[in-house]
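S.K.: One predicted model, sequence on top.
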Amino acid sequence: MRPRRVLVTGVARPLGAQAATALAADPEIESVVGVDTVTPDADLGRTRFVQADIRHPLIAKVITTAEIDTVLHLNVIATPLGAGGRTAMKETNVIGTMQLLAACQKARSVTKLVVKSTTSIYGSSSRDPSLFTEDTEPRSLPTAGYAKDAVEVEGYVRGFSRRRPDIAVTVLRFTNILGPQSDSPLARYLDLPVVPTVLGFDPRIQLLHSDDALAVLLRAARGSHAGTFNVAGEGVLLLSQAIRRAGRANLPVPFPAIGALGGLARRLRLVDFSAEQLDLLAHGRVVDIDRLVSVFGYRPRYSTVETFDSFVEHRDLRFTLDHELVSRLEHGLTGSLSHRRLAGSS
């Protein structure tokens, strides 16, 4: 059933603002209510902004008064600095989600809930499978930070779904999003003129273009796609390839020292990298998107490589190496390695 009255949480952030604006521009949608604790900088079109904290019961009044039928919960925060500290971040992510779900459970008008989650719930370790599907159990559950919050959020969402089976619940596990307006830890990390890496590791990374992230959210809001879906661009990049394509130099750091370096970067407000994000820099993470394509019905327009190149172009990163030369060298090296593997197996 197409939405008529929509609530979007987290509209002060770029993805939330873009989703609210796009839905408000849809003539078939009667009203869009955007909620956040701070006033958005972006023009939200005909979205009605309500300054409210989802951690407080006031959110229930907003839902019932506006007779909301579709809720997009995008206010799950990944960075402690952006949330005002780790405690505030956890309260917003976990307590805020609990309050929002309680409000949705009581509201008879709500028929659809879309929750923004993350592939970080799978963790990053040397024992990981080559691809995580939505049904893959992580080798060990995250113990801190955003990933731990996301695990708790998804647990509460599953409980909510059992209590209100009449509500279509969609959980979208996004990988790292990059785009022209990205201000994520990964974007800031790749902005550094010298990029620290973990000595002896070259992880696979998977990216999602911000345009694809928005398209998936809008499709989830407008259609009926209950279930859990990994959302990522096709293909992968090695971290070393990404650094070269951005024309950056890397600084290999022994693994025991990478945590201290991350702490220093947070104190200097250069990069807000948590422990699980530092693990990603060592072990990487790649997810399977077959369910997104075959069940949800969406194939990302941008691959991981195309997403990264678009990010570099829009970010106006100054290449210290010739981009075309780097690409030719990468293709040549890949072809040489493939030839050697074939020769060795014959």
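M.R.: Here it is on my side, so go on.
S.K.: lowest confidence element among the helices and strands of this structure?
M.R.: Within the chain, confidence by mean pLDDT, DSSP states H and E is lowest for helix 323-345 among all helices and strands, at a mean of 53.
S.K.: Verify the stated contact: A25 with G45.
M.R.: Yes: shown here, A25 and G45 form a contact pair, counting by CB atoms under 8 Å, at 5.8 Å. Yep, even glycine has a C-beta here, placed from its N, CA and C like the rest.
S.K.: Name the residues that touch the one helix or strand L101 maps to?
M.R.: Element membership of L101, judged by DSSP states H and E, is helix 96-106. Helix 96-106 is contacted from outside by 9, 53-57, 59-60, 62-64, 71, 73, 75-76, 110, 113, 115, 153, 156-157, 160, 163-164, 167, using CB atoms under 8 Å, 6 or more residues apart in numbering.
S.K.: What residues of it count as buried?
M.R.: 96-101, 103-104 (16 or more other CB atoms under 10 Å).
S.K.: and the helix or strand following it, what other elements does it pack with?
M.R.: Toward the C-terminus, helix 96-106 is succeeded by strand 112-118 as the next helix or strand (DSSP H and E). If contacts are counted by 3 or more CB pairs under 8 Å, 6 or more residues apart in numbering; DSSP states H and E, strand 112-118 sits against strand 70-73, helix 145-163, strand 168-174, helix 210-222.
S.K.: follow-up on the earlier one: tell me the mean pLDDT for the helix holding L101?
M.R.: Across helix 96-106, pLDDT averages out at 97.
S.K.: distance between that helix and the chain's centre?
M.R.: 22 Å (CA atoms, centre = their mean, to the nearest Å).
S.K.: got it, and stretch 116-132?
M.R.: That offset, for stretch 116-132, works out to 13 Å (CA atoms, centre = their mean).
S.K.: Quick one: end-to-end distance for stretch 172-184.
M.R.: Stretch 172-184 stretches 18 Å from its first residue to its last (CA to CA, to the nearest Å).
S.K.: List the buried residues in it.
M.R.: Within stretch 172-184, the residues scored as buried using 16+ other CB under 10 Å are 172-179, 182, 184.
S.K.: And those residues, which is closest to P254?
M.R.: Of all those, N176 has the smallest distance to P254: 24.3 Å, by CB to CB.
S.K.: which residues does the closest one bridge with?
M.R.: Following DSSP bridges, N176 is listed with bridge partners L207.
S.K.: Surely it touches S210?
M.R.: No: counting by CB under 8 Å, N176 stays clear of S210, with 10.7 Å between them.
S.K.: quick one: the spatially most central residue of the chain from R244, how far?
M.R.: Nearest to the geometric centre of the chain sits F174, at 4.0 Å (CA atoms, centre = their mean). Per CB to CB, to the nearest Å, F174 is found 25 Å from R244.
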